[in-house]
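A.B. asks: What shape does this take:
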Amino acid sequence: MTAPLDVLVVGAGPTGLALAAQLRAYGARFRIVDRSLDRVRESRALALQPRSLEALAGFGVTDELVARGNPAMRLRLHLPRRVVALRLFDIGLTDTAYPFLLFLSQAETERVLSEHLTARDVTIERGTELVRLEATDSPVVCRLRHDDGSQEAVEARYVVGCDGAHSTVRSQTGIGFEGYAYPQTFLLADLEVDGLEPDSVHSYMSGAGMVFFFPLGSPGAGVCSRCDRPTPRTPGWTCRCCRRSPTATPASG
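C.D. replies: Numbers count the residues shown, from 1 in each chain. Presented below is the predicted three-dimensional model:
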């Protein structure tokens, strides 16, 4: 094995990529690995908070994120007989350059951070999975498996688990993931939508449930629907609360 890394980052989602950008700025010796062969292409997470934009500004990526996203400032509630417009995220923020909730697809966030790292000669090692941690006094021995089936052992002073809800790092270190699952069923889709004002989040409500349209910039809108049916995989399943939604087609890519 070569000399130990300062940090092995496991997971190349937004958290892992942002950490890699910080480590690169500090001049640390690190690697970032992810078992997926490619970054996500769908929206998943839908927004960035002001503090996140402030933290990322130090790497010079926030302006690009804002340019690709949509700082929607209104919520429009589409009720059966009227539409009510409300200020969104109007909580009196005066001490930030980003006093808004930026709607941006996770795919675009990952794209911007990945391009930032690539421009600084950081390789995001996709198709590389952490399979085992072997704790010693110091450093930690990490067993990695590549997509061609080969394996290698890597030593690192620190291992950071940015690998999501089913984290290998958390599982192998015995760190619990406390909490409960929501009992409701939610649907999430990326769509190109006609007939909606792009400066607003749109919510359609009925007795059967509700639908939210989030203006992402690219793709056109992320849709989150809470429905009262047990699963969308049931043959012939339809979402009754979506019948009032505007014209929409799936986003390409």
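
A.B. asks: Okay, now the unreliable bits of the stretch 1-150 of the chain?
C.D. replies: Confidence mapping of the stretch 1-150 of the chain against pLDDT under 70 gives the ranges 1, 90-92.

A.B. asks: Which parts of it are strands?
C.D. replies: For the stretch 1-150 of the chain, the strands defined by DSSP state E, counting those that start in this stretch cover 5-10, 30-34, 47-48, 74-78, 83-87, 102-103, 124-126, 128-134, 140-146.

A.B. asks: any chance of the ones you listed in JSON lines, with mean neighbour count and distance to residue 116 too?
C.D. replies: C-betas here are computed from N, CA, C, even on glycine. JSON lines is the format used below for the strands of the stretch 1-150 of the chain (neighbours: other C-beta atoms under 10 Å; distance: least, C-beta to C-beta, whole Å):
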{"stretch": "strand 5-10", "mean neighbour count": "22", "distance to residue 116": "15"}
{"stretch": "strand 30-34", "mean neighbour count": "23", "distance to residue 116": "13"}
{"stretch": "strand 47-48", "mean neighbour count": "23", "distance to residue 116": "15"}
{"stretch": "strand 74-78", "mean neighbour count": "17", "distance to residue 116": "31"}
{"stretch": "strand 83-87", "mean neighbour count": "11", "distance to residue 116": "33"}
{"stretch": "strand 102-103", "mean neighbour count": "23", "distance to residue 116": "17"}
{"stretch": "strand 124-126", "mean neighbour count": "18", "distance to residue 116": "11"}
{"stretch": "strand 128-134", "mean neighbour count": "17", "distance to residue 116": "20"}
{"stretch": "strand 140-146", "mean neighbour count": "18", "distance to residue 116": "24"}
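
A.B. asks: want to try JSON lines for those, with distance to residue 162 as columns?
C.D. replies: JSON lines is the format used below for the strands of the stretch 1-150 of the chain (distance: least, C-beta to C-beta, whole Å):
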{"stretch": "strand 5-10", "distance to residue 162": "6"}
{"stretch": "strand 30-34", "distance to residue 162": "8"}
{"stretch": "strand 47-48", "distance to residue 162": "17"}
{"stretch": "strand 74-78", "distance to residue 162": "31"}
{"stretch": "strand 83-87", "distance to residue 162": "34"}
{"stretch": "strand 102-103", "distance to residue 162": "21"}
{"stretch": "strand 124-126", "distance to residue 162": "12"}
{"stretch": "strand 128-134", "distance to residue 162": "11"}
{"stretch": "strand 140-146", "distance to residue 162": "14"}
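
A.B. asks: wait, which of the ones you listed is closest to residue 58?
C.D. replies: Closest to residue 58 of the strands of the stretch 1-150 of the chain, according to C-beta to C-beta: strand 47-48, at 14.7 Å.

A.B. asks: contacting residues around that closest one?
C.D. replies: By C-beta atoms under 8 Å, 6 or more residues apart in numbering, the residues outside strand 47-48 that reach it are 65, 69, 101-104, 109, 214.

A.B. asks: In CSV, list these along with distance to residue 6.
C.D. replies: As requested, those are exported to CSV (distance: C-beta to C-beta, whole Å):
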residue, distance to residue 6
65, 27
69, 32
101, 34
102, 31
103, 35
104, 30
109, 25
214, 38
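
A.B. asks: Can you go through these and name the buried ones?
C.D. replies: Taking 16 or more other C-beta atoms under 10 Å as the criterion, what is buried in the contacts of strand 47-48 is 65, 69, 101-104, 109, 214.
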